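Asker: sequence and predicted structure below; questions after.
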Amino acid sequence: MQDQINQYTADIEAFNPANADELEAFRIKYLGTKGLIKDLFEQFKSVGPEEKRVFGKVLNQFKQMAEAKYAELKETLDGQQTTNNGQQQDLTLPGNGFEVGSRHPLSLVQSEIVDIFKRLGFVVAEGPEIEDDWHNFSALNFPDEHPARDMQDTFFIKKNSGKDDIALRTHTSSVQVRMMENGKPPFRALMPGRVYRNEAISARAHCFFHQIEGLYIDENVSFADLKQTLYHFVQELYGEGTKVRFRPSYFPFTEPSAEMDISCTICKGAGCNMCKHSGWVEILGCGMVDPNVLENCGIDSKKYTGFAFGMGVERITNLKYVIKDLRLFSENDVRFLKQFKTEMI
Ligand code: PHE
């Protein structure tokens, strides 16, 4: 019996299976219900009491050794299986390709707009999304009691007396103020960025959206310059022949102020849901910078004049790609996002 155990021990120690099938054969041979170890235990029953004392221990140690070896081999084989399925890898196979992501439609349209204005000599300016009352409202000529300061429209972070209020910016005009305060005219800049308004979220409104505002200040800048610049912009963005019209409007920071409509890009003016059957859609607000704003920012309003405009990027994007629900822009649904391959611009 001792000889047998010695022989088995040597065999087990030398055993090195190439795959899971060989290991399973090993298990059946030694540890199975009809295996060799079971056999030895059967034989053990018939040995004398003296031998039982000696062999009992030897036999148990042998069994533990066989079980430990099996467990160890199984663990190594399982590990290999998860990495290469127990097979040799074919290193000549092509690797897994990367899926190329696509740019977010808002960022595509934003860069398109920025590119058009860059060609006219505009630079890009950025500023903080958390703003104080001065930069978001007061410097822009908002009267103290103006409804846009009201809790309904603005997310206040700190609301005290008005002058010390801190809020999430409601427009990127705040960046215009920062630019005028910190530099000297002429200015020719675009201010793209995220803005926040306290609105209920629906298909047509969101509590945050993206704006691109523009500012042009120099000597002798007139409303004609404003019209021509924006007209050129629309021809570049939506194609030659897109019509524009200006309607008088009101903003505290511009005088005179206007809203600009373009002929509906979807129905070309014939009337559809997008333009509410009017043939026109509003795309931006604009006007000549109010002299009060220039003075608030330390600019001589006798010497300099300028125009400003502001548009919502979501709006402009809708008119290009007809996206019916604003919420799609911020839900990060890959099925939506991957439709906007970079070639689309
Ligand atoms: N700041 C305005 C808004 O948020 C847009 C605008 C900018 C209008 C500049 C006129 C001039 O609606």
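Answerer: Yep, that arrived. Numbering: from 1, shown residues only.
Asker: give me the element Arg103 is part of.
Answerer: Using DSSP states H and E, Arg103 falls within no helix or strand.
Asker: all helices of the chain, in order?
Answerer: 2-14, 20-26, 36-45, 49-84, 105-118, 133-136, 173-182, 223-238, 291-296, 313-321, 328-331, 334-337 (DSSP state H).
Asker: mind checking how far Lys341 is from Asp333?
Answerer: 16 Å (Cβ to Cβ, to the nearest Å). Glycine gets a C-beta too; all of them are placed from N, C-alpha and C.
Asker: Val322 now?
Answerer: Separation of Val322 from Asp333 (Cβ to Cβ): 17 Å.
Asker: then Leu326?
Answerer: Separation of Leu326 from Asp333 (Cβ to Cβ): 13 Å.
Asker: again, but for Leu108
Answerer: Leu108 sits 17 Å away from Asp333, going by Cβ to Cβ.
Asker: ok, Ser107 next?
Answerer: For Ser107, the distance to Asp333 - Cβ to Cβ - is 16 Å.
Asker: who has more neighbours, these two?
Answerer: Ser107 (14 against 10; other Cβ atoms under 10 Å).
Asker: any idea how many residues pack against Ile262?
Answerer: Look at Ile262: counted by other Cβ under 10 Å, it has 24 neighbours.
Asker: show the contacting residues for it.
Answerer: Going by Cβ atoms under 8 Å, 6 or more residues apart in numbering, Ile262 touches 234, 238, 242-244, 280-281, 283, 319.
Asker: just checking, Glu255 touches Cys286?
Answerer: No. Using Cβ atoms under 8 Å as the test, Glu255 is too far from Cys286 to be in contact (11.7 Å).
Asker: not counting its neighbours along the chain, what's nearest the closest residue to the ligand within the stretch 101-250 of the chain?
Answerer: The ligand sits closest to His171 of the stretch 101-250 of the chain, with a gap of 3.2 Å, by Cβ to the nearest ligand atom. Leaving aside its chain neighbours, His171 sits nearest to Val195 (5.4 Å; criterion: Cβ to Cβ, 6 or more residues apart in numbering).
Asker: which bits of the protein sit near the ligand?
Answerer: The chain comes close to the ligand at residues 171, 173, 213, 251, 254, 285-287, 308-310, as judged by Cβ under 6 Å from any ligand atom.
Asker: please redo it, this time with the cut-off set to 8 Å
Answerer: 140, 170-173, 176, 195, 211, 213-215, 251, 253-254, 257, 284-287, 289, 307-311 (Cβ under 8 Å from any ligand atom).
Asker: okay, and for the stretch 151-300 of the chain, where does confidence drop off?
Answerer: 151-152 (pLDDT under 70).
Asker: how much space between Arg315 and Asp133?
Answerer: Taking Cβ to Cβ, one finds Arg315 at 27 Å from Asp133.
Asker: please apply the same query to Glu112.
Answerer: Separation of Glu112 from Asp133 (Cβ to Cβ): 34 Å.
Asker: would you map out the domains in the chain?
Answerer: 2-84, 105-340 (automatic domain parsing).
Asker: tell me which of the ones you listed sits most buried.
Answerer: domain 105-340 (a mean of 17; mean count of other Cβ atoms under 10 Å).
Asker: in the stretch 151-300 of the chain, which spans are strands?
Answerer: Here the stretch 151-300 of the chain has its strands, by DSSP state E, counting those that start in this stretch, at 156-158, 166-168, 187-196, 208-218, 244-251, 254-263, 280-289.
Asker: give me the contact list for the second one.
Answerer: Applying Cβ under 8 Å, 6+ apart, the contact partners of strand 166-168 are 129-133, 136, 154-158, 195-196.
Asker: okay, now the sheet partners of that strand, with direction.
Answerer: Here strand 166-168 is paired, per DSSP bridges, with strand 130-132 (antiparallel), strand 156-158 (antiparallel).
Asker: Throw the ones you listed into TSV and include distance to Asp144, thanks.
Answerer: Converted to TSV, the strands paired with strand 166-168 look like this (distance: least, Cβ to Cβ, whole Å):
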stretch	distance to Asp144
strand 130-132	15
strand 156-158	15
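Asker: which among these is found nearest to Met274?
Answerer: strand 130-132 (32.7 Å; Cβ to Cβ).
Asker: residues in contact with that closest one?
Answerer: Here strand 130-132 makes contact (Cβ under 8 Å, 6+ apart) with 157, 164-169, 174.
Asker: so who does the closest residue to Phe208 other than its chain neighbours touch?
Answerer: Spatial nearest neighbour of Phe208, excluding adjacent residues (Cβ to Cβ, 6+ apart): Tyr196 at 4.8 Å. By Cβ under 8 Å, 6+ apart, Tyr196 lies in contact with 129, 154-155, 168-170, 207-208.
Asker: tell me the contacts of Lys338?
Answerer: Contacts of Lys338 by Cβ under 8 Å, 6+ apart are 101-102.
Asker: check what contacts stretch 264-271 and list those residues.
Answerer: For stretch 264-271, the external contacting residues (Cβ under 8 Å, 6+ apart) are 238, 242-243, 263, 272, 274-275, 277-281, 319-320, 322.
Asker: if anything else comes up later, I'll come back, but that's it for now.
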